[in-house]
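Trainee: sequence first, then the predicted structure:
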Amino acid sequence: MVDFNNKRKTIFIRIFKNKKLLFLLLLILVGGFLRLYRLKELMTYLGDEGRDMLIVADIIQGKNFPFIGPPTSIGKLYLGPIYYYLITPFAWIFKMSPIGPAVFVVLLGLLTILLIYLVGSKYFNEKTGLFAAGLYTVSPLIVKFSRSSWNPNPMPFFSLVFLLSLYYWQEKKQSKYLFFAIIAFAIMLQLHYMAILLTPFLVFVFFKIGTKQQNKKTIIISSLIFILLLSPLLIFDLKHNFVNTKGIIEIFQQRSGEGFNFFEVLSRARDRIRQLFSLFLGFSEREWRNNLVVILTVLYVFINWFKQKKITRLIIYGWFMWGLLTIGLYRGSVYPHYLGFLFIMPALLMGHLLDAIYQFNTKTKILGLIFFLLLETWMLKITWKDLSRPPVLNVNLVQKIVKLIGEESNGKDFNFALLAKNNYDDSYRYFFRLWNLPVSYQTKVTQQLFVVCEDADICFPQGNPKWEIALFDVAYNGDIKIAGEWTPDPLIKVFKFIANKEVSL
């Protein structure tokens with residue numbers, strides 16, 4: 001008979017004797033705490049998240065199966081729908097709460113800690129993997145993007161799946177690893193179009209690794225996998241007069257008229273690397289500490305590449321340098337999530353630099369550990385500061401406002417308008433739909449209008465030109481009055497408008 005108590009003790013003894021495993025378990029525990037602490041209070045829940053939940057609700061209720069994802073901010077382009085497919089099971093498990101998709105992102109974030117250890121270990125060595133995982137676990141940038149549901153947020157996970165698949169493909173010479181890489185890259189393209197910048201470099205890597213492994217069968221299967229994963233987007237384009245294709249052509253036509261200056265590209269690439277490291281570490285972009293880390297890391301990348309011209313170095317360093325150069329071609333504002341495919345690079349490159357310092361001699365080993373602990377302490381301080389902030393607009397507050405409107409509408413049809421600088425009303429409309437509240441959309445005017453103000457300096461609902469308010473105003477010839485006013489939060493006001501006298505519409 002098996003003695004389960006002794007077996008359990010043996011497992012725990014092995015874990016505690018294995019310092020590497022113990023360190024990784026500690027990182028998962030710390031990472032899990034940082035990603036789950038006050039999740040519902042602090043997770044982002046704005047119009048984009050509400051839009052995603054409305055689409056997921058359609059999928060679950062069988063009303064609509066999307067062949068297209070969210071619109072991008074760089075032109076008339078739409079992403080693929082893969083993110084909707086990924087978060088739908090979690091929305092269903094969590095009974096249609098927006099917390100479900102956020103938990104999905106948290107779980108991917110925890111798996112990413114393990115993946116970055118694996119990628120660092122395979123492409124460099126085990127200590128690099130451990131240093132990289134340690135830095136990645138507490139980074140303010142990474143923790144922030146691992147705590148809410150948004151289509152770019154899983155990008156680091158699939159970037160690492162791609163890199164790990166490439167490693168095993170060139171190591172084991174088996175086509176299945178190429179297929180995994182193709183799947184990961186097709187998903188990356190649907191999470192954010194900035195991943196397309198890597199395409200020329202990755203095609204070069206594929207041919208360099210696969211020169212002796214190429215055969216017609218592998219090429220055909222790889223192409224079919226890629227097309228299959230992007231097929232919803234391709235079908236949508238065919239059905240809607242090639243709207244995405246035209247959008248891409250239009251962007252290239254606009255960019256071609258702007259001219260090309262290599263030194264300007266280098267200048268913008270330099271700004272992007274400073275931006276990336278400052279976001280990752282929590283430093284100010286132009287301060288000396290950030291500049292010092294960037295200079296040391298880039299210098300080490302070049303020195304190490306010239307010393308060890310391995311295919312693994314080519315892939316990692318090429319991903320980093322090519323990504324920065326191509327994003328330097330973009331002249332517009334570069335928001336943090338545009339750099340999502342590069343989020344893994346500061347951890348991996350600084351992890352390798354720390355390993356080089358650590359293994360040089362006894363004195364530098366102590367110096368490397370001190371440097372690592374100082375970075376960990378600083379990043380943990382910045383991360384904790386963000387997690388300790390008071391909540392602003394979150395799921396709880398939106399639910400509170402929607403319940404208030406539901407009660408004050410007395411079960412009768414109502415119109416709704418949102419006044420906000422950087423938000424739109426799908427976050428509210430999702431709960432109107434989930435709780436079956438009788439809100440009227442489009443041009444139908446009811447006997448009552450509710451207006452939510454999220455920004456005090458634009459909170460002038462009477463006579464406001466926003467179409468939902470203007471439509472209600474015009475329907476009653478401007479003869480409307482405030483029938484109620486509430487402040488569910490110091491930053492939020494809710495107004496109820498009705499006609500001064502009853503009018504039949």
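Mentor: Perfect, I can see it now.

Trainee: the stretch 151-300 of the chain: helices as residue ranges?
Mentor: Here the stretch 151-300 of the chain has its helices, by DSSP state H, counting those that start in this stretch, at 155-172, 175-191, 199-210, 216-239, 243-256, 262-281, 288-307.

Trainee: and the shortest one, which residues are buried?
Mentor: Using 16 or more other Cβ atoms under 10 Å as the burial criterion, the residues of helix 199-210 that qualify are 201-202, 205-206, 209-210. The C-beta positions use only the backbone N, C-alpha and C, and glycine is treated the same way.

Trainee: returning to what we had before: residue 377 is nearest to which of the helices of the stretch 151-300 of the chain?
Mentor: helix 262-281 (11.7 Å; Cβ to Cβ).

Trainee: tell me what the closest one is packed against?
Mentor: In terms of contacts (3 or more Cβ pairs under 8 Å, 6 or more residues apart in numbering; DSSP states H and E), helix 262-281 is packed against helix 140-145, helix 288-307, helix 311-327, helix 345-358, helix 362-387.

Trainee: hmm, try it at 7 Å
Mentor: With contacts defined as 3 or more Cβ pairs under 7 Å, 6 or more residues apart in numbering; DSSP states H and E, helix 262-281 has these neighbours: helix 288-307, helix 311-327, helix 345-358.

Trainee: on that earlier part again, could you dump the buried residues of helix 199-210 to a markdown table with distance to residue 118 and pLDDT?
Mentor: Output for the buried residues of helix 199-210, formatted as a markdown table (distance: Cβ to Cβ, whole Å; pLDDT from 0 to 100):
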| residue | distance to residue 118 | pLDDT |
| --- | --- | --- |
| 201 | 22 | 90 |
| 202 | 20 | 88 |
| 205 | 19 | 87 |
| 206 | 21 | 84 |
| 209 | 18 | 80 |
| 210 | 22 | 70 |
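
Trainee: which one of the residues you listed is nearest residue 189?
Mentor: For these, the minimum distance to residue 189 (Cβ to Cβ) is 11.0 Å, reached by residue 202.

Trainee: of all residues in the chain, which one is nearest the centre?
Mentor: Nearest residue to the geometric centre of the chain (Cα atoms, centre = their mean): residue 153, 1.7 Å.

Trainee: what are the ranges of the helices in the stretch 1-150 of the chain?
Mentor: Assigned by DSSP H, counting those that start in this stretch, the helices in the stretch 1-150 of the chain fall at 4-17, 19-36, 39-42, 47-60, 82-93, 99-123, 126-138, 140-145.

Trainee: buried ones in the longest one?
Mentor: It stands for helix 99-123. Neighbour count says helix 99-123 has 99-106, 108-110, 112-123 buried, by 16+ other Cβ under 10 Å.

Trainee: same deal with the shortest one?
Mentor: Using 16+ other Cβ under 10 Å as the burial criterion, the residues of helix 39-42 that qualify are 39, 42.

Trainee: show me what it is packed against.
Mentor: helix 99-123, helix 395-408.

Trainee: turn these into JSON lines, columns for mean pLDDT and distance to residue 284.
Mentor: Shown next, in JSON lines, are the helices and strands packed on helix 39-42 (pLDDT from 0 to 100; distance: least, Cβ to Cβ, whole Å):
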{"stretch": "helix 99-123", "mean pLDDT": "97", "distance to residue 284": "25"}
{"stretch": "helix 395-408", "mean pLDDT": "95", "distance to residue 284": "31"}
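
Trainee: relative to residue 363, which of those is closest?
Mentor: When these are compared by Cβ to Cβ, helix 99-123 sits nearest residue 363, at 24.1 Å.

Trainee: and the closest one, what does it pack against?
Mentor: Helices and strands touching helix 99-123, by 3+ Cβ pairs under 7 Å, 6+ apart, are helix 19-36, helix 39-42, helix 82-93, helix 126-138, helix 155-172, helix 345-358.

Trainee: single out the most deeply packed of those.
Mentor: helix 126-138 (a mean of 25; mean count of other Cβ atoms under 10 Å).

Trainee: mean confidence score for it?
Mentor: The pLDDT scores in helix 126-138 average 97.

Trainee: and the contacts of it?
Mentor: Helix 126-138 is contacted from outside by 20, 23-24, 27, 30-31, 34, 113, 116-118, 120-121, 142, 347-348, 350-352, 354-355, 358, 372, 375-376, 379-380, 383, using Cβ atoms under 7 Å, 6 or more residues apart in numbering.
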